[in-house]
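Chemist: Quick one: sequence and predicted model below, then my questions.
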Amino acid sequence: MNWDDWLPPVLLSLKVSLAASVIAAAIGIIVARLMTLRAFKGKSIIETIIMLPLVLPPTVIGFILLILLGRGSWIGQAYEWLFQQPVVFSWTAAVIAAVIVAFPLVYQTMKVGFSSVDRHLEDAARSSGAGEAQVLRFITIPLAKRSLITAYVLGFARSIGEFGATLMIAGNIPGKTQTVPTAIYIAVETGDTTMAWAWTISIIVFSFVMLLFTGRKLEQ
């Protein structure tokens with residue numbers, strides 16, 4: 001087994017997963033908080049749209065992203081004009097795909113956490129003069145900390161295992177967009193079971209260690 005071939009997909013997968021889980025968590029806090037606090041017309045439709053990536057085939061998500069972000073779309077053209085490179089077939093595209101597929105899990109877990117916070121404590125803080133940002137920072141987030149941590153870990157685990165949407169929008173370019181799942185796919189296709197096992201064990205170990213570490217932290 002060539003370790004020089006093994007390392008790049010592993011590093012890229014970690015890079016993509018960490019970035020995607022941070023982005024999904026940041027957006028999730030805002031969206032889950034708003035959806036928890038507000039009751040408005042069309043809320044169920046918005047939540048259904050948010051949860052769609054959880055049930056749609058990843059290739060469908062990848063195809064939609066390819067249409068929305070491709071060089072023929074105004075978003076893709078604007079991105080290319082700003083950064084002097086297309087968004088598709090880049091590591092950025094892999095992050096976008098991972099964020100989309102991981103967000104439903106992150107959102108749902110955070111929403112449960114925010115819903116479990118005692119509203120009376122938040123109201124008491126507001127009546128004492130605290131703004132919404134202060135209530136969120138000093139009351140809501142600390143009380144929902146376990147759910148937020150769980151949401152981040154789930155987002156990471158879902159991101160590191162993403163395959164279909166990533167393959168559609170980011171491709172499988174060695175050293176550039178080839179993540180561990182796509183590398184495993186190619187290794188199996190070419191009959192290199194040794195490398196396939198090496199990458200498979202790697203992704204299992206990373207996910208296991210992160211889940212174990214988080215579980216112990218939550219128990220403390």
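Modeler: That came in fine, so what should we check first? Keep in mind that what you see is a predicted model, and the values were worked out from it rather than measured.
Chemist: longest helix anywhere in this structure?
Modeler: What stands out as the longest helix in the chain, according to DSSP state H, is helix 3-37.
Chemist: by contact count, what packs against it?
Modeler: Contact partners of helix 3-37 among helices and strands, from 3 or more CB pairs under 8 Å, 6 or more residues apart in numbering; DSSP states H and E: helix 43-55, helix 91-115, helix 145-160, helix 180-189, helix 193-219. C-beta: built from backbone N, CA, C; applies to glycine.
Chemist: Next, the angle helix 3-37 makes with the shortest one.
Modeler: Angle, helix 180-189 to helix 3-37, by axes from the mean of the first three to the mean of the last three CA atoms, to 10 degrees: 140 degrees.
Chemist: Next, the angle from helix 180-189 to helix 91-115.
Modeler: Helix 180-189 runs at 120 degrees relative to helix 91-115, counting by the same axes, to 10 degrees.
Chemist: who does helix 180-189 touch, helix- and strand-wise?
Modeler: Here helix 180-189 touches helix 3-37, helix 164-169, helix 193-219, going by 3+ CB pairs under 8 Å, 6+ apart.
Chemist: any idea of the angle that helix forms with helix 193-219?
Modeler: Going by the same axes, to 10 degrees, helix 180-189 makes 150 degrees with helix 193-219.
Chemist: Also the first one?
Modeler: Here the directions of helix 43-55 and helix 193-219 differ by 140 degrees (the same axes, to 10 degrees).
Chemist: Which positions within helix 43-55 qualify as buried?
Modeler: By neighbour count, with 16 or more other CB atoms under 10 Å as the criterion, the buried positions of helix 43-55 are 47, 50, 53.
Chemist: so what secondary structure elements neighbour that helix?
Modeler: By 3+ CB pairs under 8 Å, 6+ apart, helix 43-55 packs against helix 3-37, helix 91-115.
Chemist: what about the longest one, distance to the chain center?
Modeler: What it means is helix 3-37. Mean-position distance between helix 3-37 and its chain equals 4 Å (CA atoms, centre = their mean, to the nearest Å).
Chemist: Next, the buried residues of that helix.
Modeler: Buried residues in helix 3-37, counted by 16+ other CB under 10 Å: 5-6, 8-10, 12-14, 16-17, 19-21, 23-25, 28-29, 31-33, 35-36.
Chemist: Looking at it now, give me its mean pLDDT.
Modeler: Mean pLDDT, helix 3-37: 91.
Chemist: before we move on, the earlier item: the helices and strands packed on helix 180-189: which one's closest to residue 120?
Modeler: helix 3-37 (14.4 Å; CB to CB).
Chemist: what's the angle between that closest one and helix 145-160?
Modeler: Using the same axes, to 10 degrees: helix 3-37 against helix 145-160 is 140 degrees.
Chemist: so which of the helices and strands packed on helix 180-189 comes closest to residue 117?
Modeler: helix 3-37 (8.6 Å).
Chemist: quick revisit: just put the buried residues of helix 43-55 in TSV and tack on distance to residue 119.
Modeler: TSV is the format used below for the buried residues of helix 43-55 (distance: CB to CB, whole Å):
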residue	distance to residue 119
47	20
50	23
53	30
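Chemist: want to throw the residues you listed into a markdown table with pLDDT and distance to residue 88?
Modeler: Shown next, in a markdown table, are the buried residues of helix 43-55 (pLDDT from 0 to 100; distance: CB to CB, whole Å):
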| residue | pLDDT | distance to residue 88 |
| --- | --- | --- |
| 47 | 92 | 29 |
| 50 | 93 | 24 |
| 53 | 92 | 18 |
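Chemist: Closest one of the residues you listed to residue 109?
Modeler: residue 50 (12.5 Å).
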